[in-house]
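In: got a predicted model here, sequence first, then my questions.
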Amino acid sequence: MTQSRISLSPIDADPVSVDTDCLVIGLMHAAALPGWAGSLNEATGGLLERLREAGELPTSAGRSLMLHEPDGLRARRLLIVGLGKPGKWTEHVYAAITRAAGQAVRASRARSAHCLLPLLEVPGRDDAWKTFQAAIGMDHGDYVYTATRTPRDDDAPPTESVTLPAIDGIDALLTRADAVNAGVRTARDLADLPPNICTPAYLAERATQLAEEIDGLEVEVLEEDAMIELGMNALMAVGKGSVNRPRLIRLRWTGGSGAPYALVGKGVTFDTGGISLKPRELMEQMKFDMGGAAATIGALEAVARMKLPLNVDGVVAAVENMPDAGAYRPGDVITSMAGKTIEVHNTDAEGRMILADALTWTERNSKPAAMVDIATLTGACVVALGHHASGIMTRDDELAEELLTAGLEASDRGWRLPLWDEYQKQIETPFADMKNIGGMPAGSITAGCFLSRFVEDTRWAHIDIAGSAWQWGKPESATGRPVGLLVRWLIDRAG
């Protein structure tokens, strides 16, 4: 089901002589041409210099100019991507323009491209980082959802191959990039699928397929009877109103020694809000409420494809939250797998319910060295951070720094929110050990406080991806985040 990703390879040749459908470069508006552009400018009879002097180069970062059949080059197209203003040129802008370049190449109907973006100077970043990000960004930009629509005559075909300038160690670098691209595409495909296809059973089937495709990747699926026997009443309560029955899925990669690192993903394949029904407007976006599950499955695929020398478990709690006569209600008191009771104040605060049991199960069964849950958990996080950063919450300063650093390295940024004990008072209730919402103030943080009560002795962090897992606008689409952050964190743990 996952679309084919771009084939990546290095090439050691003068860009003037590279035979490709599209040569991709980046230039700063109204700035002198960099040294590497000299041969291109000379080969094209001074074309680049004339464009610069005439003010015709793209002015905004990510905007592009496509030139067809440029004189003096073997390439059949020349794509010039704008870099924005000099004072705002950062590593994150660089990552964004690589994605924009991938989109422009596909829109041009080019089937191959040679990407010179790694030749740009990026403050604090070396050739390896620039090459890796270009390989990731070009593939990301090439992605177009096609699974459930009829092909159209004007559809641009996918880009088949991208070459990049050769540097030391590039073969291993591109192998790793290809693995990340595979995981990101899987995450995007899963999250973009409609909820009548991507059900809890479908997530289990896709995880099983991956385990069959990749040597060393193992899968375990718990169905309803097993979860009831284990006392997963919080998870099962959320799924009571749906004919699509819950699943607990564990993908396991055993590439090293010692305790595994665990990722735990929220997989609400569709969220009506349950009895606390959501408003009609934009409810279709709730197919993205399994973004944490998609990212967990994608990250495990990437780890397994790159054969990371580390043990990693990926656990997915998969349910559908629907209203019917059997659905759980506001006012219900539910005993979780941990034995702690939860008073339900809002059935739309369902993600924390299923994660409560998933965290307990993962801690007891995987006994992880560290555990990170990933969830499209709260609209409050979208209000706070928009679609740009994931919210990171943990009491472990070292773990917080690891995740923040990984996000910077992967251009998949997170932002730390506090998890102070003072916020815990907002989820107290006289009728149970806790209630499942803390009210409007600090809604993202009180959700994190709720989850913290279901982790005993394990290093743990919560990542709220309610904004970052999908992009609002035309078209709405899953981003595949935070696969990049998670894989970078795991690479760092592997040393």
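Out: Sure, I can see it. Numbers count the residues shown, from 1 in each chain.
In: where are the low-confidence patches of the chain?
Out: Across the chain, the ranges flagged by pLDDT under 70 are 1-3, 473-474.
In: mind naming the longest helix for it?
Out: For the chain, the longest helix by residue count, based on DSSP state H, is helix 170-192.
In: if you count neighbours, what's buried in that one?
Out: Buried positions in helix 170-192, judged by neighbour count with 16 or more other CB atoms under 10 Å: 170, 173-174, 176-192. The way it works is simple: take the backbone N, C-alpha and C, and place the C-beta from them, glycine included.
In: other SSEs contacting it?
Out: Other helices and strands packing on helix 170-192, by 3 or more CB pairs under 8 Å, 6 or more residues apart in numbering; DSSP states H and E, are strand 7-11, helix 127-142, helix 200-213, helix 291-305, strand 477-478, helix 483-494.
In: Serialize the ones you listed to TSV and add fields for distance to residue 37.
Out: Formatted as TSV, the helices and strands packed on helix 170-192 follow (distance: least, CB to CB, whole Å):
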stretch	distance to residue 37
strand 7-11	18
helix 127-142	16
helix 200-213	43
helix 291-305	34
strand 477-478	33
helix 483-494	29
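In: give me whichever of the ones you listed is most buried.
Out: Of all the helices and strands packed on helix 170-192, helix 291-305 carries the top mean neighbour count, a mean of 31, counting by mean count of other CB atoms under 10 Å.
In: got the angle for the following helix or strand past that helix vs helix 291-305?
Out: Note on helix 291-305: by DSSP states H and E, the next helix or strand toward the C-terminus is strand 311-321. Here the directions of strand 311-321 and helix 291-305 differ by 150 degrees (axes from the mean of the first three to the mean of the last three CA atoms, to 10 degrees).
In: hmm, back to that, indicate which one of the helices and strands packed on helix 170-192 is closest to residue 457.
Out: Closest approach to residue 457 among the helices and strands packed on helix 170-192 (CB to CB): helix 483-494, 18.7 Å.
In: what's next to the closest one, contact-wise?
Out: Helix 483-494 is contacted by residues 136, 176, 180, 183-184, 187, 256, 261, 263, 295-296, 298-299, 302-303, 308-310, 312, 369-370, 372, 374, 390, 402-403, 405-407, 409-414, 463 when judged by CB atoms under 8 Å, 6 or more residues apart in numbering.
In: centre of the chain versus that helix, how much separation?
Out: Put simply, helix 483-494 sits 12 Å off its chain's centre (CA atoms, centre = their mean, to the nearest Å).
In: and for stretch 337-356?
Out: That offset, for stretch 337-356, works out to 25 Å (CA atoms, centre = their mean).
In: end to end, how far does it reach?
Out: 8 Å (CA to CA, to the nearest Å).
In: same question for stretch 315-332.
Out: End-to-end distance (CA to CA), stretch 315-332: 27 Å.
In: and that stretch, what's buried?
Out: Those would be 315-323, 327-328, 332, for stretch 315-332 by 16+ other CB under 10 Å.
In: and for stretch 53-63?
Out: 57-58, 61-63.
In: host element of the residue nearest to residue 62 when sequence neighbours are not counted?
Out: Take residue 62 and drop its neighbours on the chain: the residue closest to it by CB to CB, 6 or more residues apart in numbering is residue 100, 3.6 Å away. Per DSSP H and E, residue 100 falls inside helix 91-107.
In: tally of neighbours for residue 15?
Out: Using other CB atoms under 10 Å, residue 15 has 23 neighbouring residues.
In: that one against residue 115, yeah?
Out: No. Between residue 15 and residue 115 there is no contact under CB atoms under 8 Å: 10.1 Å.
In: mind listing the helices for the stretch 301-450 of the chain?
Out: All helices of the stretch 301-450 of the chain, identified by DSSP state H, counting those that start in this stretch, fall at 351-366, 379-385, 397-409, 443-452.
In: show me the domain layout of this structure.
Out: For the chain, automatic domain parsing gives the domain ranges 7-163, 180-494.
In: start and end of the shortest one, how far apart?
Out: Here the two ends of domain 7-163 are set 8 Å apart, with distance taken as CA to CA.
In: run the chain-centre distance for it.
Out: With CA atoms, centre = their mean, you get 23 Å for domain 7-163.
In: in the helix or strand residue 248 falls within, what counts as buried?
Out: Per DSSP H and E: residue 248 is located in strand 247-254. Within strand 247-254, the residues that count as buried by 16+ other CB under 10 Å are 247-253.
In: what's the answer for stretch 431-444, then?
Out: So for stretch 431-444, counting by 16+ other CB under 10 Å, buried means 432-438, 442-444.
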